[in-house]
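K.L.:
next comes the sequence, and after it the predicted model I'd like to discuss.
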Amino acid sequence: MENILLIVNVVLAIILVILVLIQKSEGGALGIGISQESFMFSRTAGDFLTKATGIVACLFIICSLSLTIISRENIDPSISVLDKVEESTKDQPEIPENNN
């Protein structure tokens, strides 16, 4: 199941990149340089590529989260870093006395 989700995740990532690259550049990144006329009469919100990009992005996020949840089951429970430090200090050998 994990391998199938991984393959689907990679395919969705490739499709998402292609959809983003295909879209028409409208200039004015983050709203800089957009006039009121182009903002008021813009019909890009209902564009097919915009909707497809949103859908594929949602599917990609859902697939990534499910892949994370499934792979999390295989991880052994870990102990805290402080417990590891305490164990390593207890395991240190003692210095032997002078035995000449």
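P.N.:
Yep, that arrived. Numbering: from 1, shown residues only.
K.L.:
max-length helix in this protein?
P.N.:
Using DSSP state H to assign secondary structure, the helix with the most residues in the chain is helix 48-72.
K.L.:
list the buried residues in that helix.
P.N.:
Neighbour counts over helix 48-72 (16 or more other C-beta atoms under 10 Å) mark 53, 56, 60, 63, 67 as buried. All C-beta atoms are positioned from the backbone trio N, CA, C, and that covers glycine.
K.L.:
just give me the closest of the residues you listed to E97.
P.N.:
In terms of C-beta to C-beta, no member of these lies closer to E97 than L67, at 57.0 Å.
K.L.:
look up how far S25 lies from the closest one.
P.N.:
L67 sits 32 Å away from S25, going by C-beta to C-beta, to the nearest Å.
K.L.:
returning to that earlier point: list the helices and strands the longest helix of the chain packs on?
P.N.:
Here helix 48-72 touches helix 2-22, going by 3 or more C-beta pairs under 8 Å, 6 or more residues apart in numbering; DSSP states H and E.
K.L.:
can you tell me what sits against the helix it packs on?
P.N.:
With contact meaning C-beta atoms under 8 Å, 6 or more residues apart in numbering, helix 2-22 is reached by 49, 52-53, 56-57, 59-60, 63-64, 66-67, 70-71.
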